[in-house]
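> predicted model and sequence below, questions to follow.
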Amino acid sequence: MAAGGKTYSFKVVLLGEGCVGKTSLVLRYCENKFNDKHITTLQDTAGQERFHALGPIYYRDSNGAILVYDVTDEDSFQKVKNWVKELRKMLGNEICLCIVGNKIDLEKERHVSVEEAEGYAESVGAKHYHTSAKLNKGIEELFLDLCKRMMESAQADERSRGNGTSHTSTARRGVQIVDDEPQTATSAGGCCSSG
Ligand SMILES: Nc1nc2c(ncn2[C@@H]2O[C@H](COP(=O)(O)OP(=O)(O)OP(=O)(O)O)[C@@H](O)[C@H]2O)c(=O)[nH]1
Ligand SMILES: [Mg+2]
């Protein structure tokens with residue numbers, strides 16, 4: 001993404017329990033498409049062991065993290081809390097955290113209250129967003145806001161270092177999807193496979 005003639009490149013990780021809508025959010029943002037079917041990004045039910053071993057490789061050097069839960073699934077919100085703890089512990093306060101309550105079109109089945117989620121986000125220095133990949137709600141705002149925050153953070157960083165190095169990015173709309181092995185370990189036990 002460019003600002004004042006400058007191009008920045010950031011690493012953002014997308015984390016969350018299986019079936020919360022991670023793929024759907026990216027698909028909506030990048031291609032403006034939505035698929036009703038759940039085709040899990042992960043075709044195995046890797047447990048905590050494997051996920052914990054690979055997690056740090058996946059989120060190492062990240063500038064931002066999008067932590068997704070499903071508003072109808074209380075357990076997926078607890079998983080987000082675990083991720084926040086781990087990311088803060090491993091990466092400190094440098095990383096821009098976005099907590100995303102997805103599937104707000106299913107408001108009637110909501111199991112995570114807005115107050116609780118927003119209050120929690122504030123308490124850990126994260127920002128909370130409400131989205132629906134299905135209805136294309138809140139997604140532009142999420143990505144735009146995250147980019148702004150990461151840019152501000154990078155600029156503050158540059159000022160404090162007193163230099164102006166930058167990187168180039170050729171990714172479409174600033175989103176580059178890296179589908180590598182560690183990523184598949186982030187959604188261990190998708191809802192459709194392990195219940
Ligand atoms: N109603 C509703 N359904 C959604 C929304 N976003 C995703 N879904 C559905 O939820 C299911 C899972 O979506 P995915 O995007 O595949 O979820 P995921 O987090 O990538 O799942 P894994 O790759 O298994 O970790 C699919 O059936 C989607 O159609 C939404 O905003 N509203
Ligand atoms: Mg997926």
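Yep, that arrived. As the structure is a prediction and not an experimental result, all values here were calculated from the model. Ligands and ions are numbered 1, 2, ... in the order given.
> from ligand 2, how far off is the residue nearest to the spatial centre of the chain?
Closest residue to the average C-alpha location of the chain: Ile66 at 1.5 Å, with CA atoms, centre = their mean. With the distance defined as CB to the ion, to the nearest Å, Ile66 ends up 13 Å from ligand 2. The C-beta positions use only the backbone N, C-alpha and C, and glycine is treated the same way.
> that residue in helix, strand or coil?
strand (DSSP: H, G, I helix; E, B strand; the rest coil).
> also the one 3 residues further on?
Assigned by three-state DSSP, the conformation of Tyr69 is strand.
> which residues touch it?
Counting by CB atoms under 8 Å, 6 or more residues apart in numbering, Tyr69 touches 16-17, 20, 76-77, 79-80, 99-102, 112, 117.
> near ligand 1, anything from the biggest helix by length in the chain?
When the chain is parsed with DSSP state H, its longest helix is helix 139-161. No - against ligand 1, helix 139-161 shows no contacts by CB under 6 Å from any ligand atom, the least distance being 9.2 Å.
> what angle sits between that helix and strand 64-70?
150 degrees (axes from the mean of the first three to the mean of the last three CA atoms, to 10 degrees).
> quick check: mean pLDDT of helix 139-161?
Mean pLDDT, helix 139-161: 94.
> for that helix, packing partners?
helix 22-31, strand 64-70, strand 96-102, strand 127-130 (3 or more CB pairs under 8 Å, 6 or more residues apart in numbering; DSSP states H and E).
> give me the contacts around the last one.
Contacts of strand 127-130 from elsewhere in the structure, counted by CB under 8 Å, 6+ apart, are 71, 96-101, 104, 114, 117-118, 121-122, 137-138, 141-142, 145, 149.
> can you rerun that using 7 Å?
Strand 127-130 is contacted by residues 98-101, 104, 117-118, 121, 138, 141-142, 145 when judged by CB atoms under 7 Å, 6 or more residues apart in numbering.
> turn those into a markdown table, including distance to Gly162 and neighbour count.
Shown next, in a markdown table, are the contacts of strand 127-130 (distance: CB to CB, whole Å; neighbours: other CB atoms under 10 Å):
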| residue | distance to Gly162 | neighbour count |
| --- | --- | --- |
| Cys98 | 29 | 21 |
| Ile99 | 33 | 25 |
| Val100 | 35 | 30 |
| Gly101 | 39 | 27 |
| Ile104 | 43 | 20 |
| Ala117 | 39 | 20 |
| Glu118 | 37 | 17 |
| Ala121 | 33 | 21 |
| Gly138 | 37 | 19 |
| Glu141 | 33 | 12 |
| Leu142 | 32 | 21 |
| Asp145 | 28 | 15 |
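> closest one of those to Asp36?
Closest approach to Asp36 among those (CB to CB): Ile104, at 16.6 Å.
> check contacts around the closest one.
Each residue near Ile104 by CB under 7 Å, 6+ apart is listed here: 71, 130-132, 137.
> what's the PyMOL line that selects buried ones from the residues you listed?
Typed into PyMOL, the line below selects the buried ones among those, using 16 or more other CB atoms under 10 Å:
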select buried, resi 71+130+131+132+137
